[in-house]
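A.B. asks: My questions concern the predicted model and sequence given below.
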Amino acid sequence: MRDFTGGAARFDIEWDVRPAYDFLFSLSPDAGATEDLPAADRRWLQEARASLAEIQKTKLGRMVKEDLGIHLGGFIVEHPDLHTAADVAAAMRAAGATDVLRWLFSELCGAEPAMSPIVERALEGDRPSIDALRGRVSDSKHGMRLDFLDDPEREFEDVVSLLAIWAARFAEIEPRVETILRRDYELRASDRRSLTGSDLVERTTNGVRVIPEAGVKRVILAPSYFSRPYNFLLGGEGWRFAGYPVADAAIERDPLSPPANVLRLHRALGDATRLRILKLLAEKDLYATEMSEILELSKPTITHHLAQLRVAGLVTAIEAGAVIYYHLRRERLDEASGDLRAFLA
């Protein structure tokens, strides 16, 4: 499903509505970590993982810990014909190690195009390239180890074998997930008519604003059930991708249950550090590093708090090239009490 919008932005926006992404995103450590995923599917996720054989659980544990599912999402972007989990598992098997594992380095290659041929040669076993890649990327980056470069074929076999098994489990819920994704797309019809470019991206992602930059011609928006409440961001040659969390209205829920957006908002406001961050942003836009220095907290700590504020809709993360700065969404503060009144009424 593709829907291009124009306007002043220098990139096209494409909507990509496929359960294939959620197949990989369900292997994220964030999947099912909050109440934004309904209880029934949090149970399904736990039981599906627990049903695997012990050796499969070990491989799954590593894949989840290192976010390999998210990193491999670029493979789906570049293969628009892959719709289901089974499609993805079969296509990766057919593609081979180099074509699949290169996506583990997509962020690095997107930021530094000169690294792309080095990654290709490293995955083919070239020792100088392997050493160069190890020297450029810390083993701790994103929690991903690099020792698999010594035997990419074995790593590839582990990954595709596990994905084939997980695809069979994911098929149990795939039709319902696809219904939710399509419902979310339909609910955003008004936004697509009235907004374009960066404004449409920000509204859809609930706070990620992409500034047009040279070389980026496409921004791909893909609704995701298992990413809730976060955005999973990827990049490739000429494109940026956001697997954004489907809206609360796209999910059927108990009418007595408070809306997730109300819970996220009040959870975000119930922390002194997050309130201090909001106070800083009320004065001016800031980078995470600047807030870290002012509040005398580590950058990872600040980044964690900013993530909570962003999913609550209180701040916008503005991507300008290789840097990100944050902006207070004052209109969300004005809407907050209205959301609570609407639920109670």
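C.D. replies: Here it is on my side, so go on.

A.B. asks: in the stretch 151-300 of the chain, which segments are predicted with low confidence?
C.D. replies: Of all residues in the stretch 151-300 of the chain, those with pLDDT under 70 make up the ranges 254-256.

A.B. asks: Mind doing that once more with 80?
C.D. replies: 212-215, 252-261 (pLDDT under 80).

A.B. asks: Show me the helices in it, by range?
C.D. replies: Along the stretch 151-300 of the chain, counting by DSSP state H, counting those that start in this stretch, helices occupy 152-170, 174-187, 189-194, 197-205, 260-269, 272-283, 288-295, 299-311.

A.B. asks: Tell me which of the ones you listed sits nearest to Arg42.
C.D. replies: helix 260-269 (13.1 Å; CB to CB). Glycine gets a C-beta too; all of them are placed from N, C-alpha and C.

A.B. asks: Now do that closest one and helix 299-311, the angle between them.
C.D. replies: Using axes from the mean of the first three to the mean of the last three CA atoms, to 10 degrees, the inter-axis angle of helix 260-269 relative to helix 299-311 is 150 degrees.

A.B. asks: so what does helix 260-269 touch, helix or strand wise?
C.D. replies: Helices and strands touching helix 260-269, as assessed by 3 or more CB pairs under 8 Å, 6 or more residues apart in numbering; DSSP states H and E, comprise helix 299-311, helix 330-344.

A.B. asks: Number of residues surrounding the closest residue to Leu72 other than its chain neighbours?
C.D. replies: Ranked by CB to CB, 6 or more residues apart in numbering and with sequence neighbours excluded, the top spatial neighbour of Leu72 is Trp103, at 5.0 Å. By the measure other CB atoms under 10 Å, the count of residues near Trp103 is 23.

A.B. asks: Now do the contacts for Trp103.
C.D. replies: His71, Leu72, Gly73, Gly74, Phe75 (CB atoms under 8 Å, 6 or more residues apart in numbering).

A.B. asks: switch the cut-off to 6 Å
C.D. replies: Applying CB atoms under 6 Å, 6 or more residues apart in numbering to Trp103 gives the contacts His71, Leu72, Gly74, Phe75.

A.B. asks: Run through the strands of the stretch 1-150 of the chain in chain order.
C.D. replies: 12-15 (DSSP state E, counting those that start in this stretch).

A.B. asks: so where's it uncertain?
C.D. replies: 1-10, 107-112, 135-147.

A.B. asks: quick one: which of the helices of the stretch 151-300 of the chain is nearest Asp22?
C.D. replies: helix 174-187 (5.4 Å).

A.B. asks: who's in contact with that closest one?
C.D. replies: Contacts of helix 174-187 (CB under 6 Å, 6+ apart): Val17, Pro19, Asp22, Pro223, Tyr225, Val246, Ala247, Ala249, Ala250.

A.B. asks: ok, now how distant is the last one from Gln308?
C.D. replies: The gap separating Ala250 from Gln308 is 22 Å, by CB to CB, to the nearest Å.

A.B. asks: returning to that earlier point: nearest to Ile13, of the contacts of Trp103?
C.D. replies: Gly74 (17.8 Å).

A.B. asks: Return the residues in contact with Ile173.
C.D. replies: Ile173 touches nothing, counting by CB under 6 Å, 6+ apart.

A.B. asks: Leaving aside the residues adjacent along the chain, what's closest to the most centrally placed residue in the chain?
C.D. replies: Central residue of the chain (CA atoms, centre = their mean): Phe232, 0.8 Å from the mean position. Nearest non-adjacent residue to Phe232, counting by CB to CB, 6+ apart: Gly243, 3.9 Å away.

A.B. asks: Please verify my assumption that the one you found contacts Ser224.
C.D. replies: Yes - Gly243 lies in contact with Ser224 (CB atoms under 6 Å); the separation is 4.2 Å.

A.B. asks: Pull up the overlap in contacts between those two.
C.D. replies: With CB under 6 Å, 6+ apart as the test, Gly243 and Ser224 both reach Tyr21.

A.B. asks: Tabulate the helices of the stretch 151-300 of the chain in JSON lines, adding columns for distance to Ile130.
C.D. replies: Formatted as JSON lines, these follow (distance: least, CB to CB, whole Å):
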{"stretch": "helix 152-170", "distance to Ile130": "10"}
{"stretch": "helix 174-187", "distance to Ile130": "37"}
{"stretch": "helix 189-194", "distance to Ile130": "45"}
{"stretch": "helix 197-205", "distance to Ile130": "36"}
{"stretch": "helix 260-269", "distance to Ile130": "43"}
{"stretch": "helix 272-283", "distance to Ile130": "41"}
{"stretch": "helix 288-295", "distance to Ile130": "32"}
{"stretch": "helix 299-311", "distance to Ile130": "29"}
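
A.B. asks: Mind putting those into CSV with distance to Thr84 and mean neighbour count?
C.D. replies: What follows is the helices of the stretch 151-300 of the chain, written out as CSV (distance: least, CB to CB, whole Å; neighbours: other CB atoms under 10 Å):
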stretch, distance to Thr84, mean neighbour count
helix 152-170, 8, 19
helix 174-187, 6, 17
helix 189-194, 25, 12
helix 197-205, 24, 20
helix 260-269, 27, 19
helix 272-283, 39, 15
helix 288-295, 38, 16
helix 299-311, 28, 19
